[in-house]
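J.: Any chance you could fold what I've pasted below:
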Amino acid sequence: MSDLDAAPLTIVRLNREGRITRVNEAWRRFARENGGDAATTEGVGLDYLSAVQGGPEDAATRALVALLEELMSCRRASFTHVYACHAPTEVRWFRLDAERIASDASIVIVHSNITEQQVAAGRLTVQAVVTHALAARAPLLETCHQLIEATCQSLAWDFGAIWVQGDDNRIKCVETWSAPHFADRSFAEVTLANSFEKGCDLAGRVWNSLSPEWVSNVSADRHFVRAPRAAAAGLRTGFAVPLGAEGEVFAVVEFFSRIERAPELALMELLTTSGVQLGGQVLRERAEQRAREAEAAERRTSLASKQNAERFRQILDAIPDLVLVKGPRSEILWGNTAFRDLYGMSNEQLQGLIDAPFNEPDYTLQYIRDDALVFSSGKMLEIPNEPVTRVDGSVRQMRTTKSPIFDEAGKVVMLVAVCRDITEQTRLEEHLRLADRMASVGTMAAGVAHEINTPIQFVSDSVHFLRDGMKDVFDLVEKLKDVQRLAADSQNPDLERAASIAAEAEESADLAYLRKNVPTAFERSIDGLERVSTIVRSMKEFAHPAQNEMAPVDLNRAIQSTLVISGNEYRYVAELETDFGDIPQVACYGGDINQVILNLIVNAAHAIADVVRGTDSRGKLTVRTYRDGDNVVISIGDTGAGIPEPIGKHIFEPFFTTKEVGKGTGQGLALAWGVVKEKHGGELRFETKLGEGTTFFVHLPILGKRRD
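T.: Numbers count the residues shown, from 1 in each chain. Below is the predicted model:
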């Protein structure tokens, strides 16, 4: 294993009995740095399983022992296990990869230090808790519980506690958290039983100073009242962080570890910043509560104001546009009838909500950002197009204006949002301009030009060949005529010389070659012209003028025409596979259905191109038709990357696109859905699998849309 001494990973090899037979230099270096004796450093001969069992008795160790026993008993060929390892002044995380070698039943184990990744993931977990709490406006104690649990579990702290101020102005512990392997309950009991003056003990000092504090060894800290209990429980390092803002503390969270750890400044900074954010939220909620109470008091003292407000509400309720009033934290205070109908909720249900519970989180976050801009700038904000979800799950497009409402001091205290539904207007404009169809036809133009140019080129080459070849043939024929004339007069002395010249001319013209290749050239010319004719015919069929009435359409032929004109989109990235079933003609608007098919083919080609780009491989585009009862089904499948579930919910919404700016309008699938569902009474759906591809299914009634 000397060739692996340069490897940074710790590598060890065991025999079938589990004893170490080889280690690399990384193993020896790790053992020396962590105080291992000579035998451990050398490694060879040690019982690896016994060494693992001699570690801390916890669930992680038991799981590792069980996996090793299965590997050694040949019940398992390999496994991967992540575990924490306490170094002298820090916690390290390792990934253990073990594999049994079939040839001699020996085992190779590789330890990878993943501390940086684990610490980063742990901090992200803590940040996620705080972010969720701020977005959901969760109660402070509930957030504190989640905060200490996430910190302890993800960053290997053994004990956590939450301190708040009691009625007697002293601080007291209201909740503790212990790791499963931390069995000593005495420290938790004394922590819950005590209360301190501000400035006393670790939590009290942090409360008074408004600053975090790190104690390397709480068991030896004479200012730590619970030091004897901490020592008995085996606790060493502890630190505490205040949760508050603007000079006021609302809670303190404590953390303790059984090993003496060096100060983790990044963790303390993260928790301190989170504490300020959570404290700020408490202050804002208090301010909002005071504002609501003041507003309620004002309403109670002014009957005239109530009457005026009621009249104003009646006026707003008569407006067909959506009108709603929001508070400083984007909470809904009031909505008119149009808004309440859209959400299917009363004003009592709406009050205090950030957004309807059935709305997409991404939409809600965008609303909050827009509201914050109005409150911070004090200026009206116009949003030309934003999505709003109805209670039935459908998404409508709105043109929204958000205007600030000021108090006497000039502070923005509310905003009024007026939303006009432009969904149908936008859809009508898109249909009238045929923007999506023209964009698709424009995309096809380069491909069509390429397709036409190629056959024209070889037709031209063949014609030139025929012209030059026939010239030589005619020259030969003239020479042969001379020979014939001379041959008629057998006494002509020049006969022999003329015959020789004719033979030379025949050889120069390569008459045999011409006889072989001239027919082939004609065939190539005919084939090229037929290809040009097919492309032009397909273009004519695809671009047939729009129909005012439904008419029977041969869908198989329509699809074949569409495949021809869209060939340049998929030809270089995918193999085409078709399976046209025996289907009847379908009553439909042929031009609209052609456009739907084209959109789906182009989307499929783009999905495949994204996967095979930069490689020599090609995907597969599959087009099928078949009859399903009273419907004809068209399926268009690709071998792209598939559609993630969060995106799949939106793909039929107007203006939703995942393509880069300038490549997609977000209207193709929305218009396709409108054509199939609304105009033809059919169904447009899809099936997808990540990493394998997506198939869209167009269901069309054979007899056309039913008339109600």
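J.: what's around residue 627, how many residues?
T.: If you count neighbours by other CB atoms under 10 Å, residue 627 ends up with 14. From N, CA and C alone the C-beta is placed, and that goes for glycine too.
J.: Any idea how many residues pack against residue 260?
T.: Using other CB under 10 Å, residue 260 is surrounded by 17 other residues.
J.: Start at 273, not 1
T.: Done: numbering now begins at 273, and the last item shifts to residue 532.
J.: which SS state does it fall under?
T.: coil (DSSP: H, G, I helix; E, B strand; the rest coil).
J.: do residue 672 as well
T.: strand.
J.: Can you read off the pLDDT for it?
T.: Listed pLDDT for residue 672 reads 92.
J.: check contacts around it.
T.: Neighbouring residues of residue 672 by CB atoms under 8 Å, 6 or more residues apart in numbering: 654-655, 658, 689-692.
J.: so which of the residues you listed is the most crowded?
T.: Going by other CB under 10 Å, residue 689 tops those with 24 neighbours.
J.: Can I get the host helix or strand of that one as CSV, trimmed to CA atoms?
T.: Assessed by DSSP states H and E, residue 689 sits inside strand 684-693. Provided in CSV are the C-alpha atoms of strand 684-693 (Å, rounded to 0.1, in the frame of the first residue of the first chain):
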residue,chain,number,x,y,z
VAL,A,684,-46.2,54.6,5.2
VAL,A,685,-48.6,52.6,7.3
MET,A,686,-50.6,50.7,4.7
LEU,A,687,-50.8,50.1,1.0
VAL,A,688,-53.7,49.7,-1.4
ALA,A,689,-53.3,47.2,-4.3
VAL,A,690,-55.6,47.4,-7.3
CYS,A,691,-55.4,44.3,-9.6
ARG,A,692,-57.0,44.1,-13.0
ASP,A,693,-57.5,40.6,-14.6
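J.: How far off centre is that strand?
T.: 31 Å (CA atoms, centre = their mean, to the nearest Å).
J.: One more: stretch 898-907?
T.: 33 Å.
J.: Over to stretch 305-315?
T.: Stretch 305-315 has its C-alpha centroid displaced from the chain centroid by 47 Å (CA atoms, centre = their mean).
J.: Over to stretch 666-673?
T.: The answer for stretch 666-673 is 24 Å, by CA atoms, centre = their mean.
J.: Tell me the buried residues in that stretch?
T.: Using 16 or more other CB atoms under 10 Å as the test for burial, stretch 666-673 gives 667-672.
J.: Where does the prediction get shaky in the stretch 523-672 of the chain?
T.: Across the stretch 523-672 of the chain, the ranges flagged by pLDDT under 70 are 573-580.
J.: where exactly do the helices run in it?
T.: 537-573, 575-589, 609-615, 619-622, 633-649 (DSSP state H, counting those that start in this stretch).
J.: tell me the most buried of those?
T.: helix 609-615 (a mean of 20; mean count of other CB atoms under 10 Å).
J.: ok so, going back, let me know the closest of the contacts of residue 672 to residue 400.
T.: Nearest to residue 400 among the contacts of residue 672: residue 658, at 26.6 Å, using CB to CB.
J.: residues touching residue 460, list them.
T.: Neighbouring residues of residue 460 by CB under 8 Å, 6+ apart: 431, 448, 450.
J.: can you check residue 374 too?
T.: With contact set as CB under 8 Å, 6+ apart, residue 374 has no partners.
J.: and if you look at residue 463?
T.: Each residue near residue 463 by CB under 8 Å, 6+ apart is listed here: 433, 445, 448, 498.
J.: Highest neighbour count among the residues you listed?
T.: The residue in those with the most neighbours, by other CB under 10 Å, is residue 433 (25 neighbours).
J.: For the one helix or strand that residue maps to, what does the pLDDT average out to?
T.: For residue 433, the host element (DSSP H and E) is strand 431-437. Mean pLDDT, strand 431-437: 95.
J.: Going by neighbour count, which residues of the next helix or strand after that strand are buried?
T.: Counting by DSSP H and E, the element after strand 431-437 in chain order, helix or strand, is strand 443-450. Buried residues in strand 443-450, defined by neighbour count with 16+ other CB under 10 Å: 443-445, 447-450.
J.: how big is the angle separating the helix or strand just after strand 443-450 from strand 431-437?
T.: For strand 443-450, the succeeding helix or strand toward the C-terminus, using DSSP H and E, is helix 458-465. Relative orientation of helix 458-465 and strand 431-437, computed by axes from the mean of the first three to the mean of the last three CA atoms, to 10 degrees: 10 degrees.
J.: C-terminal to helix 458-465, which secondary structure element comes first?
T.: Using DSSP H and E, the helix or strand that follows helix 458-465 in sequence is strand 467-468.
J.: Show me what that following strand is packed against.
T.: Judged by 3 or more CB pairs under 8 Å, 6 or more residues apart in numbering; DSSP states H and E, strand 467-468 is in contact with strand 443-450.
J.: Next, the angle strand 431-437 makes with the strand it packs on.
T.: 160 degrees.
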